[in-house]
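>>> Okay, sequence plus prediction incoming.
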Amino acid sequence: MSTVASVGIKDKEGLKFLVNGGPRAQKMIGIWLFGSAAWVFSMVILGGATRLTRSGLSMTDWKFTGGLPPLSDEDWLIEFQKYKQSPEYKRVNKGMSIEDFKFIYWMEYAHRMWGRALGIMFALPFSYFLRKGYITLQLGLRLSTLLALGAGQGLIGWWMVKSGLEEPSSEYAQPRVSPYRLAAHLTSAFAIYCGLLWTGLSVVMPEPPAESVAWVHGAAKVKRLALPVSLLVGITAISGAFVAGNDAGHAYNTFPKMGDRWIPEDVFDMKPLIRNFFENTSTVQLDHRILATATLFSIVALWWSTRKFDIHPAVRSLIGTTVGMAGLQVTLGISTLLSYVPVELGTAHQAGALTLFTLMILLNHIVRKPSPSLLKSLPQVAKTI
């Protein structure tokens with residue numbers, strides 16, 4: 001029997017739901033979507049660890065469906081010989097032992113297979129919920145788009161890795177993936193995560209928390225401030241991909257100055273000028289410092305501006321939590337820089353970026369406009385106990 005029968009089911013008060021089948025179906029699909037979002041979160045963290053351990057170029061070929069890892073000494077020697085032909089081995093890891101190679105190979109293999117496992121974990125329940133008729137047309141289209149983006153993410157990942165397997169243009173340059181492709185890979189991951197989390201929230205919480213018209217008006221004011229701040233958080237996170245792609249975290253390991261200067265002399269050395277913002281190590285790190293500082297101040301300004309707004313306590317609490325997370329993330333970033341980017345701190349910093357982004361998604365979701373039916377039923381002022 002088919003499944004996606006209507007755009008959205010409305011209750012007797014006119015509220016549109018994304019899921020058919022009542023509260024039980026809502027709960028099941030919500031758990032599935034939040035689980036998928038958490039899986040993507042773990043993929044981002046594993047990807048960061050793979051990059052920081054320089055494991056991403058250890059596998060020199062790619063198959064969409066994947067395959068078994070090396071199972072015998074002979075299989076390992078074959079894979080090791082393939083890696084020995086790569087620019088990274090010749091210029092960075094020449095003389096590496098096969099045991100060290102196994103470590104970086106397993107890191108990259110785990111990252112790839114974890115992504116494929118996510119695809120299966122998403123697709124099978126999706127098929128089941130479709131057959132049960134739980135998914136409306138609106139939700140089905142949204143989830144199909146996310147599934148397609150997930151499949152495309154694997155292709156983007158290989159497109160990124162392939163750039164690191166090419167000979168660098170200079171004999172003195174170390175092989176590394178294109179910062180543009182790395183940024184595209186991270187942006188795609190953030191977009192998929194955002195889509196899963198927002199959709200999951202919309203399934204389990206079709207209405208925002210609103211107990212009075214005054215709180216709705218206050219939420220609208222918060223939303224106008226939260227949207228540009230959210231955009232800044234996202235841009236700052238993506239600028240971090242250019243820091244990683246250019247190994248800019250290993251330069252100017254001082255703070256607040258960059259070496260003995262506030263602004264390095266070579267920030268505009270590349271021609272055309274625009275290249276500096278994406279390929280110049282000094283400029284890329286300076287950009288990330290400026291954006292991170294602006295993000296922190298913007299979030300603090302958001303909290304300060306909303307102190308006297310008449311808003312739901314959950315909104316106020318979430319804004320306070322976001323301020324705390326922003327402070328922690330800046331602290332992690334500075335610590336990572338001063339420590340010359342150790343794997344543990346670098347991974348924690350990447351996790352912090354996605355956590356801060358998560359809080360901004362939550363904030364934007366709970367300050368969205370309620371349905372007309374709910375709005376009509378609300379008192380002007382919330383009841384106090």
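Yep, it's here. Residues are numbered from 1 along each chain as shown.
>>> Got phi/psi on the nearest residue to Arg316 once chain neighbours are set aside?
Distance criterion CB to CB, 6 or more residues apart in numbering; nearest residue to Arg316, sequence neighbours excluded, is Thr306 at 7.3 Å. Any C-beta I mention is one placed from the backbone N, CA and C, and that applies to glycine too. Dihedral pair for Thr306: phi -100, psi 0, per degrees, to the nearest 10.
>>> how about Thr306, what does it touch?
221-222, 225, 316, 319 (CB atoms under 8 Å, 6 or more residues apart in numbering).
>>> What is the nearest of these to Arg289?
Set against Arg289, the nearest of the contacts of Thr306 by CB to CB is Leu225 (23.7 Å).
>>> quick revisit: gap between the residue nearest to Arg316 and Val229?
11 Å (CB to CB, to the nearest Å).
>>> Over to Phe278?
In terms of CB to CB, Phe278 sits 24 Å off from Val229.
>>> Okay, Ser144 and Phe17: tell me how far apart.
19 Å.
>>> Ok, Pro87 next?
Distance of Pro87 to Phe17, computed by CB to CB: 54 Å.
>>> that older thread, more crowded one of Ser144 and Phe17?
Between Ser144 and Phe17, counted using other CB atoms under 10 Å, the more crowded position is Phe17 (19 against 14).
>>> Just grab the bridge partners of that one for me.
Ile9 (DSSP bridges).
>>> Just the buried ones from the contacts of Thr306?
The neighbour count (16 or more other CB atoms under 10 Å) marks 222, 225, 316, 319 as buried among the contacts of Thr306.
>>> And the host helix or strand of the third one, what does it pack against?
Arg316 is part of helix 313-338, with elements assigned from DSSP states H and E. Counting by 3 or more CB pairs under 8 Å, 6 or more residues apart in numbering; DSSP states H and E, the packing neighbours recorded for helix 313-338 are helix 213-245, helix 281-305, helix 343-366.
>>> To Leu33, which of these lies closest?
helix 343-366 (13.0 Å).
>>> Would you tell me which helix is longest in the protein?
helix 98-132 (DSSP state H).
>>> show me where pLDDT drops low in the protein?
The chain contains residues with pLDDT under 70 at 1-16, 382-385.
>>> let's see it at 50
1-9, 11-15, 385 (pLDDT under 50).
>>> Would it be right to say that Pro69 lies in a helix?
No: assessed with DSSP: H, G, I helix; E, B strand; the rest coil, Pro69 is coil; it does not lie in a helix.
>>> Find the residue closest to it in space, skipping its chain neighbours.
Tyr109 (5.4 Å).
>>> residues touching the residue nearest the centre of the chain, list them.
In the chain, the centroid-proximal residue (CA atoms, centre = their mean) is Phe190; its distance is 3.1 Å. By CB under 8 Å, 6+ apart, the contact set of Phe190 is 44, 234, 237-238, 354, 357.
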